[in-house]
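**Student:** What shape does this take:
(2 chains)
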Amino acid sequence: MLEGSGTRKLGGRDPLRAFQRFLGWSLVALFVSLFPSRAHAYTWMIKHGYASCPVCHADPSGGELLTEYGRVQSDELLRMRYGSSSTTSAHNQVLKAPRLVRNVLELKTDASSGADDDADEDVKPKADAGDDSAAKATEEEAPTATDAAPTSSESASSESESQPGDFLWGAVKLPEWLLLGGSYRHLTVTRPGRDEKKFVTFPMMADLYGQVSIGHFRVEAGIGAVRVGVGSPYARAAQVTRGQGDEWNLLSRTHWLGYDLAEGAVTLRAGHMNLPFGVRIPEHTMWVRQATRTDRESAQQDGVALAYNGEKLRGELMAIAGNYQINPDKYRERGYSLYAEYMVGDRTAVGISSLVTNAKKDRTTLHPDVLRQAHGAYVRAAFSDDIVLLAEADGLFTTEHDAGYVGFAQLDWEVTRGLHLMGTAEILDKGYDKVVGGPRSTGNGQQQLGAWGSVDWFCLPHVEVRADVFSHQDEEFTILGQLHVFL
Amino acid sequence: MTNFTRVRGFVFGSALLSVVSLSYTRPVQASSTFPPELQKALEKRFSGTAFCVPVCTACHTVMTGGATNLNPFGKNMLLNGLFSPETVDPALNKLLDAKLDSDGDGKTDNDELKMLDAPGGPGAFCSDLTYGCGARIASAPPPIDKVGLFSAGLVGLGLIFLRRGRGHRANH
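**Tutor:** Below you'll find the model as predicted:
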């Protein structure tokens, strides 16, 4: 493990003790989370009873392409409401809740609210987050997940009326076998400490995705466009066109063929996919995602994955065949990645993750014959209807490096529906690089600390505005502004 | 406030927000301008030798760069006055004139660079890593009027909201 060498210059603490302290507080948080009051991925959707991802997403482990049900929930649960919410009821369509959601809601209702009046035919939780009876089960049988990848819908309203679950803000009703989606993120980056180029702004993401379902089979693909500078650590690994300079390139972050088994509880996929590891957060620059190379920005790999989503247990195992969008073959990492998660309470989940890959030459350090490992644990816990904790801690083990570690803890407070305040703390030591040698530095044999403050406002249907300020030890203070529109 | 008025308010607010966010659009630069400047400085110093655009491990310990990930050559460049792309050339010349051996392998940085070797340690100066699996996009993309494009997008968004608003009013 880490060499304990007594007092260090930065923080005056031994990195091993720092990691042990971080792990200790994580365990405290875990213990506290075992006794939730009512508890609310966006992985903090667990507070609304949505611990499992495929009810709202095409990917069984979450992210990007929304199902019709997911689109309805983004309207019902994510965005801010203004004035009277009476029109919401008028927009509600009779939508069968997928089985996993329905059963979780039933459990929550029984445990915390006693006898509840059955809802009419509206199966969605009410918009009022403070009302525990918002989690009502439907009397109807949920469809199997294969019926409509994974939801089906029956609209009780006239065909001419737009519904929140329909595509393009309700303008286009898609057939059951087709899912379409997209995401545009525009970013502003301000670094007040710089003398020049303090402010830059650019489109960070412009992707379209779609999925076609034929019986138990599903085909998913995404395509986008990006323009990054030479040497940029972002986007390149997802390119499909071969421009190596600062020109525009097409990219595809995910594309896979899937087969649903056991009424959708099990999904086998093959293709280019997000790695199943840790908490699937949208902040791809968080150290837990960067240091483990498991972010959703461009860390996808080709391989075969088996996902299971049960009532309390869910997980995914992926055999990694390499990223065939980078060349030559010596840079492709092969191995496995997995996570397993268990609901220990109504709104608390704990998980473990593990990743092992080997490459003839490491794409990031250019070191030869690199075996890279990351193993850790995480927790998602809703302490109340408004406060959620996400936390993860991983050990990093890489050839010709000392053992390292990375972790984060994020507290999300939904001040009012649609407005989130978040505080995040990060810690990182990638492990001293013995190949490069030289003195130890922050993040390289010494701990590095970081802190974020964020405001996330779901101001309109499928529109999100976000501001982050973050400070990483020995790096520039940075302010981010983001506009996100998703279809 | 009627739904229609509220929808118009949303559309106007979105339009205002997007125009403001777009009004300062500039191309992304950041530290990825250093490698091409280093290439130019090397070709000027060692005229007659073709240099690749160096990868980030020429000065950093990782391909992702970063202020805390400098190798010995990168640190010496900073010490010799590097702080912006325009200072790459003078900093490099000052460093090479001083006959430094950044990685302590017995060969001066000047000699290593002349042989297209990495002066900062066992990282790489040039890389054969390439991205993508298909064709290139056309080399001269048409100029994009970003404000116009977003305005068009917002008009489309507004029309969708208006259609929803009319549908709701019709039912009431």
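**Student:** drop to CA atoms for contacts and neighbour counts, all remaining ones
**Tutor:** Noted.
**Student:** Below-threshold pLDDT in the chain: ranges please.
**Tutor:** I went with chain A, as the question did not name one. When residues are selected by pLDDT under 70, those of chain A lie in A:1-16, A:18-44, A:48-52, A:84-164, A:196.
**Student:** I was after chain B.
**Tutor:** Looking at chain B by pLDDT under 70, you get B:1-32, B:122-124, B:134-147, B:167-172.
**Student:** quick one, helices of it?
**Tutor:** Ranges of helices in chain B, per DSSP state H, are B:3-22, B:34-45, B:72-79, B:88-97, B:109-114, B:146-171.
**Student:** what does the stretch 301-450 of chain A put close to chain B?
**Tutor:** Residues of the stretch 301-450 of chain A lying close to chain B (C-alpha under 8 Å from any C-alpha of the partner chain) are A:324-328, A:331, A:363-367, A:435-436, A:438, A:441-443.
**Student:** Kindly recompute the last result at 6 Å.
**Tutor:** Contacts of the stretch 301-450 of chain A with chain B, taken as C-alpha under 6 Å from any C-alpha of the partner chain, map to A:325-327, A:364-365.
**Student:** Settle this for me: residue B:80 is touching residue B:91, isn't it.
**Tutor:** Yes - if you go by C-alpha atoms under 6 Å, residue B:80 and residue B:91 touch, sitting 5.1 Å apart.
**Student:** From chain B, how far off is the spatially most central residue of chain A?
**Tutor:** Chain A has residue A:280 as the residue nearest its centroid, 2.6 Å off, counting by C-alpha atoms, centre = their mean. As judged by C-alpha to the nearest C-alpha, to the nearest Å, residue A:280 and chain B stand 22 Å apart.
**Student:** Which of the helices or strands spans that residue?
**Tutor:** When elements are assigned from DSSP states H and E, residue A:280 belongs to no helix and no strand.
**Student:** what does residue A:17 give?
**Tutor:** helix A:15-33.
**Student:** What is the subsequent helix or strand relative to that helix?
**Tutor:** helix A:68-73.
**Student:** Output that following helix as PDB, restricted to C-alpha atoms.
**Tutor:** Listed next in PDB are the C-alpha coordinates belonging to helix A:68-73 (Å, rounded to 0.1, in the frame of the first residue of the first chain):
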ATOM      1  CA  GLU A  68     -41.000   7.500 -22.900                       C
ATOM      2  CA  TYR A  69     -41.600   6.900 -19.200                       C
ATOM      3  CA  GLY A  70     -38.300   8.600 -18.400                       C
ATOM      4  CA  ARG A  71     -39.200  11.600 -20.400                       C
ATOM      5  CA  VAL A  72     -42.500  11.900 -18.500                       C
ATOM      6  CA  GLN A  73     -40.600  11.600 -15.200                       C
END
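**Student:** how far does that helix sit from the chain's center?
**Tutor:** Taking C-alpha atoms, centre = their mean, to the nearest Å, one finds the center of helix A:68-73 at 17 Å from the center of the full chain.
**Student:** cool, stretch A:394-405 as well?
**Tutor:** In terms of C-alpha atoms, centre = their mean, the centre of stretch A:394-405 is found 24 Å from the chain centre.
**Student:** what's the answer for stretch A:232-250, then?
**Tutor:** On C-alpha atoms, centre = their mean, the centre of stretch A:232-250 falls 23 Å from that of its chain.
**Student:** Please apply the same query to stretch A:359-374.
**Tutor:** 25 Å.
**Student:** same question, stretch A:205-217
**Tutor:** For stretch A:205-217, the distance to the chain centre is 18 Å (C-alpha atoms, centre = their mean).
**Student:** can you check stretch A:419-429 too?
**Tutor:** Its chain's C-alpha centre and that of stretch A:419-429 lie 14 Å apart, by C-alpha atoms, centre = their mean.
**Student:** State the three-state secondary structure for residue A:467.
**Tutor:** Three-state call for residue A:467 (DSSP: H, G, I helix; E, B strand; the rest coil): strand.
**Student:** Across the sheet, point out what pairs with it.
**Tutor:** Counting by DSSP bridges, residue A:467 forms beta bridges with residue A:455, residue A:481.
**Student:** My guess is it contacts residue A:481. True?
**Tutor:** Yes - taking contacts as C-alpha under 6 Å, residue A:467 lies within contact range of residue A:481: 4.5 Å.
**Student:** any idea how far the residue nearest to the centre of chain A is from residue B:103?
**Tutor:** As judged by C-alpha to C-alpha, to the nearest Å, residue A:280 and residue B:103 stand 40 Å apart.
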